[in-house]
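1. I need the structure of the sequence given here:
(chains A and B)
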Amino acid sequence: MNDALDVTLRLLIVFVVFLAFPLIVGQTEHKVMAHMQGRLGPMYAGGFHGWAQLVADGVKFAQKEDVVPADADRRIFQLAPAVALLPYLLVLLAVPIGPGEGAVGQVVDAGIFFVLAVMGVGVLGSLMAGWASANKFSLLGGLRTAAQLLAYELPMLLTAASVAMAAGTVSLVGILDAFEWWWLPWQIVGAIVFFVAGLAELQRPPFDMPVADSEIIFGAYTEYTGLRFALFLLAEYAGIVVLCGLTTVLFLGGWHGPWGADGLGWVWTLLKTAVLAFVVIWLRVTYPRLREDQLQRLSWTLLVPLSLAQIALTGIVKVVIQ
Amino acid sequence: MTLAATAGHLAAGPTPLAAASHGFLSPTGVEIAFVLVGLVTLGAAVVTVTTRQLVHAALWLVVALGGLAVEYLLLTAEFIAWVQVLIYVGAVVVLLLFGLMLTRAPIGRSPDADSGNRWAALTVAVAAAASLVWVVVDAFRTTWIDLDGPVAGSTAVTGASLFQNWVLPFEALSVLLLAALVGAIVLSRRAKADRATDTGRPTTPNGSDKGGVR
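-> Below is the predicted model:
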């Protein structure tokens, strides 16, 4: 009975994190973007500095009519938001937040493969949405999504493999247990490549070619309204949380910190994740959108060679220190 | 297609020798789940090849491949299961959908999505399925996975056996894949070179360029 309670509690915590953190990131994005552009951002909803803006947005989305275009493939059109969102919930289950086996939703033996595999499934949601909308802008968005995923999945996998080589395990918990501070300079190239490739997989600016609003309206999500559209937006922000959490765990040492790693390890994880999320927002405000050919060139001629070099470096150092 | 049949044999068809410890009439929960997931996988695979809607076929393929991954999980081969999802669902199906969307992906039925080869294809499929089922059943007749003992399919075990006992087939496969990769590059470069010589002919700047590209 105690086991069942334990499992329920873990699932509940992960679910609350899954619902709350993307909203926090979204609200932070509103405020940070506004201040970087010399504005104030939302100020009225909820009273204090517009803290309830996203709650109000959610209520607004829930009230809107759920329209399915006449020519669309109804079932796939309606299923797509769930396919886009649920994988991130599953990934969160496997991300360890503190030391020991008590601080992770579920210990997965092949953790790296699990998170990357399930994150890849989420992209199917965008493809389904793009195809089923019966709209040429949506189809273009879907095509660009697929091309982008195929280009950026490889460097992401290669850099994750580099960390796995360094730690000698593919379990996320095991990688954190093996972490030493000098891994940071050792794996820094891999960390940057992983983070950039992850941004591209999430279609965040400057890699938002698939939803480029000035060219193809909103890509695969053009025809969506109401709650289903909100689910796609939620998937994007859940993706930011997952990507920042994974980068923290794989490359930045997760719960390791200069002090207090035993009791307050989870604070370090949250802090590093929050800083990375801030960087994601910062990049959106800073860089213009990459063109499709620039996007592909960046991946194939820069990120893939860099990640291969990182793997070579990891292998050499690993052999030397043994 | 082969898997459900195998599942039936593995889960419900033990030999008399094994019947003492593994009852024929009292399957465990894992065995029931294995058979059910196998049936779903089989159903999805059949729909994949019979549906007239091209993109639906690709999406049913996702269900079939995902079902296979669940079967691997039930057989305790966790590493293989996630690699299955990563490679097949994450990359192969995305590539398939990309190809479909790039060329032709109408919503609704495609009347010409059938081919005159259906009987030949069915024969080949049944023959392949029969031989695979026969080989698997014959090889693993009385083998049972001990679910309570040490995990037999964890990443460490898989890695050790792959790079100790099966390293030669592994390397041979790598060379095969490398050859395929080089071949693809050579083919694409040749097509590019052909096109270059085509457009190299004297053409008027407007209009006839397109003819040269074709």
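2. for the rest of this, base every contact and every neighbour count on C-alpha atoms.
-> Fine.
3. so in the chain, which helix runs the longest?
-> You didn't pick a chain, so chain A it is. Identified as the longest helix of chain A according to DSSP state H is helix A:2-36.
4. look at chain B instead
-> helix B:167-199.
5. distance from the chain centre to the longest helix of chain A, please.
-> Averaging C-alpha positions (C-alpha atoms, centre = their mean, to the nearest Å) puts helix A:2-36 13 Å from its chain's average.
6. and it, average pLDDT?
-> Averaging pLDDT along helix A:2-36 gives 85.
7. so which elements touch that helix?
-> If you count contacts as 3 or more C-alpha pairs under 8 Å, 6 or more residues apart in numbering or on different chains; DSSP states H and E, helix A:2-36 packs onto helix A:53-63, helix A:74-94, helix A:226-251, helix A:261-286.
8. rerun at 7 Å
-> Here helix A:2-36 touches helix A:74-94, helix A:226-251, going by 3 or more C-alpha pairs under 7 Å, 6 or more residues apart in numbering or on different chains; DSSP states H and E.
9. can you give me the angle the longest one makes with helix A:261-286?
-> Angular relation of helix A:226-251 and helix A:261-286 on a 0 to 180 degree scale: 120 degrees, by axes from the mean of the first three to the mean of the last three C-alpha atoms, to 10 degrees.
10. also the first one?
-> Compare the direction of helix A:74-94 with that of helix A:261-286 by the same axes, to 10 degrees and you get 140 degrees.
11. would you mark the buried spots in helix A:74-94?
-> The neighbour-count check on helix A:74-94 (16 or more other C-alpha atoms under 10 Å in any protein chain shown) flags A:76-78, A:80-81, A:83-94 as buried.
12. residues contacting it, please?
-> Residues external to helix A:74-94 that are found in contact with it (C-alpha atoms under 7 Å, 6 or more residues apart in numbering or on different chains): A:14, A:18, A:68, A:104-108, A:111, A:115, A:118-119, A:121-126, A:128-129, A:132-133, A:228, A:231-232, A:235, A:238-239, A:242.
13. I'd like the next helix or strand past it.
-> helix A:111-132 (DSSP states H and E).
14. so, in contact with chain B or not, whatever helix or strand comes next after that following helix?
-> Downstream of helix A:111-132, the next assigned helix or strand under DSSP H and E is helix A:136-167. Yes. Using C-alpha under 7 Å from any C-alpha of the partner chain, helix A:136-167 reaches chain B at A:143, A:146, A:150.
15. can I get the helices and strands packed on helix A:2-36 in TSV including distance to residue B:63 and mean pLDDT?
-> Shown next, in TSV, are the helices and strands packed on helix A:2-36 (distance: least, C-alpha to C-alpha, whole Å; pLDDT from 0 to 100):
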stretch	distance to residue B:63	mean pLDDT
helix A:74-94	12	87
helix A:226-251	21	89
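16. nearest to residue B:78, out of those helices?
-> helix A:74-94 (14.0 Å; C-alpha to C-alpha).
17. how far does the closest one sit from its chain's centre?
-> Distance of helix A:74-94 from its chain centroid, counting by C-alpha atoms, centre = their mean, is 14 Å.
18. element containing the residue nearest to residue B:56 when sequence neighbours are not counted?
-> Leaving aside its chain neighbours, residue B:56 sits nearest to residue B:48 (7.5 Å; criterion: C-alpha to C-alpha, 6 or more residues apart in numbering or on different chains). Here residue B:48 sits within helix B:29-50, counting by DSSP H and E.
19. check which residues of that helix are buried.
-> B:31-49.
20. and stretch A:38-46, by the same measure?
-> Using 16+ other C-alpha under 10 Å as the test for burial, stretch A:38-46 gives A:41, A:42.
21. how about stretch B:99-119?
-> Here stretch B:99-119 shows B:100, B:101, B:105, B:107 as buried, counting by 16+ other C-alpha under 10 Å.
22. filter these down to just the ones in strands.
-> Judged by DSSP state E, these include no members of strands.
23. next step: these restricted to helices.
-> Secondary structure from DSSP H places B:100, B:101 of the buried residues of stretch B:99-119 in helices.
24. ok, the buried residues of stretch B:99-119 vs residue A:197, which is closest?
-> residue B:101 (23.6 Å).
25. using the three-state scheme, assign whichever residue of chain B sits closest to chain A.
-> Per C-alpha to the nearest C-alpha, residue B:86 is where chain B lies closest to chain A, at 4.0 Å. Secondary structure for residue B:86, judged by DSSP: H, G, I helix; E, B strand; the rest coil, is helix.
26. quick one: residues contacting it.
-> With contacts defined as C-alpha under 7 Å, 6+ apart, the neighbours of residue B:86 are A:116, A:117, A:120.
27. which secondary structure elements does the helix holding residue B:48 contact?
-> In this structure, helix B:29-50 makes packing contacts with helix B:2-12, helix B:54-74, judged by 3+ C-alpha pairs under 7 Å, 6+ apart.
28. which of the ones you listed has the lowest mean pLDDT?
-> For the helices and strands packed on helix B:29-50, the weakest mean pLDDT is recorded on helix B:2-12, namely a mean of 43.
29. relative to chain B, how far out is residue A:282?
-> Per C-alpha to the nearest C-alpha, to the nearest Å, residue A:282 is found 29 Å from chain B.
30. wait, residue A:279
-> Distance of residue A:279 to chain B, computed by C-alpha to the nearest C-alpha: 27 Å.
31. burial of that residue, as a residue count?
-> 13 (other C-alpha atoms under 10 Å in any protein chain shown).
32. pLDDT score assigned to it?
-> Per-residue confidence (pLDDT) for residue A:279: 92.
33. what does the one 4 residues further on give?
-> pLDDT for residue A:283: 90.
34. could you do residue A:105 as well?
-> On the pLDDT scale, residue A:105 is placed at 68.
35. give me the neighbour count for the closest residue to residue A:63 other than its chain neighbours.
-> What sits nearest to residue A:63 in space, not counting adjacent residues and going by C-alpha to C-alpha, 6+ apart, is residue A:226, at 7.0 Å. Residue A:226: 17 surrounding residues under other C-alpha under 10 Å.
36. residue A:180 now?
-> Residue A:180 has 13 nearby residues by other C-alpha under 10 Å.
37. and it, helix, strand or coil?
-> Here residue A:180 is recorded as coil under three-state DSSP.
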